[in-house]
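>>> coords below, sequence missing:
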């Protein structure tokens, strides 16, 4: 296969009027068009001066939950959900998805039956089976472990040992700290999910605060097991620099959704990858009233964007940043390609357009300044293709 007439975005530059030559599943050459030939290639993609970029790597997204449980009382077939989700995800340029499943003792939001422990366990197995079945994109498992889910610890240990988990994060959604340090914001959020009174919320807060949690030693044991299997470990909703220091004792390398600018800067200074949600860029700020992702990126203290819950935001956030702030596209695409690849230790194979790396690529065309993925390539095969027209 050969992709011609592209603006190829590499780790350091935009190569105009270039071609990318693919042999089997590998990038073989990146060459100027005057050196390129379509002879001998079974497939030719004409980028028509569009961008050729690495496939997007999404290391935090619970999108699969909405596909499998589209209604509060409905759970669809897991295998169908995975296969249908990857058709959607590839259309948005996501070639590697870390399905981020919450390991809860109890889902306080009470609206996602897929978060029940039995269903989570089944979904972990279903994601793992994709590695030996026909599939479109790379499916990985991100276990988001809530600290009070003590009963699930042994199950998570088993999944890690059996190779079913590829990223582990520690979460604590206790009101009064982290994402919900503002109790009034927590009340507002809960009422958005449930028909619930203030008294019921108060009881819920008290119950949550009194729940037994993993001990520090148990957290260290889980983190050390993950390190043993070369699995990245992340923290979540860090709201103080002291938490960053503590997380370092666990060997974390990713700080997901730091709550405040000073915390994001401190985490970045300590060498952590710092992650924010791409929807935060699209909305102009956090829906929880926390860190503004655009501001943090411009302050050079956010290194990764994830889709969180809205896959289209990966592509559109990069172009929105570029349009509104002149943030370089080369750096913008690193937020959703090379940097997450490095964070999850996959950058030797994917994350950038380089000779001998896997051919995970997207072709992006602009229609009236609207960026669109017209071709998505995974492992050297076209998995998604769209042809826009005017009738």
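It's in. Everything numeric here is computed off the predicted structure, so don't read it as measured data.

>>> quick one, strands of the stretch 101-250 of the chain?
138-146, 167-171, 232-236 (DSSP state E, counting those that start in this stretch).

>>> can I get these in CSV including distance to residue 122?
In this view, the C-beta of every residue, glycine as well, is placed from N, C-alpha and C. What follows is the strands of the stretch 101-250 of the chain, written out as CSV (distance: least, Cβ to Cβ, whole Å):
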stretch, distance to residue 122
strand 138-146, 12
strand 167-171, 19
strand 232-236, 24
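
>>> residue 98 is nearest to which of these?
For the strands of the stretch 101-250 of the chain, the distance to residue 98 is smallest for strand 138-146, at 4.1 Å, taking Cβ to Cβ.

>>> okay, the angle between the closest one and strand 232-236?
When axes from the mean of the first three to the mean of the last three Cα atoms, to 10 degrees is applied, the directions of strand 138-146 and strand 232-236 differ by 50 degrees.

>>> run the chain-centre distance for strand 138-146.
In terms of Cα atoms, centre = their mean, to the nearest Å, the gap separating the centre of strand 138-146 from the centre of its chain is 10 Å.

>>> run through who's touching it.
Surrounding strand 138-146, the residues in contact under the criterion Cβ atoms under 8 Å, 6 or more residues apart in numbering are 59-60, 82, 86, 95-105, 124, 127-128, 130-131, 152, 156, 159, 164-173, 222, 236, 344, 350, 360, 378.

>>> quick one: buried ones out of these?
Using 16 or more other Cβ atoms under 10 Å as the burial test, these include 59-60, 82, 86, 95-105, 124, 127-128, 130, 152, 156, 159, 164-173, 222, 236, 344, 350, 360, 378 as buried.

>>> narrow these to those in helices?
With DSSP state H as the criterion, helices contain 82, 86, 124, 127, 128, 156, 159, 222 from among the buried ones among the contacts of strand 138-146.

>>> re earlier: between the strands of the stretch 101-250 of the chain, which one is closest to residue 25.
Residue 25 sits nearest to strand 138-146 of all the strands of the stretch 101-250 of the chain, at 11.8 Å, using Cβ to Cβ.

>>> any idea of the mean pLDDT in the closest one?
Within the predicted structure, the mean pLDDT of strand 138-146 is 97.

>>> next, the angle from it to strand 167-171.
20 degrees.

>>> partners of strand 138-146, with directions?
When pairing is defined by DSSP bridges, strand 138-146 lines up against strand 94-103 (parallel), strand 167-171 (parallel).

>>> just the element for residue 262, please.
Using DSSP states H and E, residue 262 sits within helix 261-269.

>>> which strands or helices does that helix pack on?
Applying 3 or more Cβ pairs under 8 Å, 6 or more residues apart in numbering; DSSP states H and E, one finds that helix 261-269 makes contact with helix 241-249, strand 254-256, strand 273-277, helix 293-298.

>>> list just the one of those that sits closest to residue 366.
Where the helices and strands packed on helix 261-269 are weighed against each other on Cβ to Cβ, the nearest is helix 293-298, at 20.9 Å.

>>> packing partners of the closest one?
Here helix 293-298 is seen to pack against helix 261-269, strand 273-277, helix 278-283, helix 313-325 when contacts are counted using 3+ Cβ pairs under 8 Å, 6+ apart.

>>> with mean pLDDT and distance to residue 301 as added columns, please give the ones you listed in TSV.
Rendered in TSV, the data for those read as follows (pLDDT from 0 to 100; distance: least, Cβ to Cβ, whole Å):
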stretch	mean pLDDT	distance to residue 301
helix 261-269	98	4
strand 273-277	98	6
helix 278-283	98	14
helix 313-325	98	15
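
>>> highest mean neighbour count out of those?
Relative to the other members of the helices and strands packed on helix 293-298, strand 273-277 carries the highest mean neighbour count by mean count of other Cβ atoms under 10 Å, namely a mean of 27.

>>> related to what we said a few turns ago, which stretch among the helices and strands packed on helix 261-269 comes nearest residue 385?
With Cβ to Cβ as the measure, strand 273-277 is the member of these nearest residue 385 (28.1 Å).

>>> by how many degrees do that closest one and strand 167-171 diverge?
Between strand 273-277 and strand 167-171, the angle comes out at 70 degrees (the same axes, to 10 degrees).

>>> what lines up beside strand 273-277 in the sheet?
Paired with strand 273-277 in the same sheet, following DSSP bridges, are strand 254-256 (parallel), strand 304-306 (parallel).

>>> what's the angle from that strand to helix 261-269?
In terms of direction (the same axes, to 10 degrees), strand 273-277 departs from helix 261-269 by 140 degrees.

>>> for the protein, name the helix or strand with the lowest mean pLDDT.
Among the helices and strands of the chain, helix 183-193 carries the lowest confidence by mean pLDDT, DSSP states H and E, at a mean of 54.

>>> still on that earlier bit, mind putting the helices and strands packed on helix 293-298 in TSV, distance to residue 47 included?
Below are the helices and strands packed on helix 293-298 laid out as TSV (distance: least, Cβ to Cβ, whole Å):
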stretch	distance to residue 47
helix 261-269	34
strand 273-277	29
helix 278-283	24
helix 313-325	16
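
>>> and the ones you listed: which comes nearest residue 64?
Shortest distance between residue 64 and these, using Cβ to Cβ, is found for helix 313-325: 15.2 Å.

>>> which SSE is immediately downstream of that closest one?
helix 329-334.

>>> before we move on, back to that, could the helices and strands packed on helix 261-269 go into CSV alongside distance to residue 13?
Conversion of these to CSV gives the following (distance: least, Cβ to Cβ, whole Å):
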stretch, distance to residue 13
helix 241-249, 33
strand 254-256, 27
strand 273-277, 23
helix 293-298, 20
